[in-house]
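> quick one: sequence and predicted model below, then my questions.
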Amino acid sequence: MIEAVTQNRRAFLKGMAALAPAGLLGIKAPQIRAADTAEPVELKKLTMAKFQPLTGQDFRLAGPNGPVPLVLEKVKDLRSKNDKHRPGDIRSDPFLLIFLSKNFEKVPADIYRLSNPKLGSFEVYLNEVSADDDPATVHFAVVFN
């Protein structure tokens, strides 16, 4: 077993050594241009007003096993009459996003990067809130508070 690992490592290093002259010649490796590699949007810049026109649009979740397609199903205002007493450093427009996922893959509650072509990418805490009667459909929630 150790001999096989050593052989694989040697082959890998030999292949990498073959690529080194390309760098010396000024040949650059292709750049990754996926939305998930872009600098995330600051959460304080994301408002309910920015999400409302995106209802029904596609988002992508960078899941633990690859991208998971989501559709923004609902944007709900969470403000209450007591919000006028909020300290200035707390979000003044708390809101809830509900996303729909078809062909559901189990995604545990955690911080994930979501992206949308119009909005960019951002990292939020996302958790499953309910499954439909259809076992292949599930809803996820993100709270901005």
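Right, received. Where do you want to start?

> and Gln52, how many neighbours?
Using other C-beta atoms under 10 Å, Gln52 has 12 neighbouring residues. Heads up, the C-betas are built off the backbone N, CA and C, glycines and all.

> list the contacts of it.
Gln52 sits next to Val75 when contact means C-beta atoms under 8 Å, 6 or more residues apart in numbering.

> residues in contact with the residue nearest to Leu97 when sequence neighbours are not counted?
Among residues not flanking Leu97 along the chain, Val142 sits closest, at 4.4 Å (C-beta to C-beta, 6 or more residues apart in numbering). Counting by C-beta under 8 Å, 6+ apart, Val142 makes contact with 96-97, 99, 114, 124-126.

> distance of Val142 relative to Arg79?
Counting by C-beta to C-beta, to the nearest Å, the separation of Val142 from Arg79 is 17 Å.

> repeat for Thr47
12 Å.
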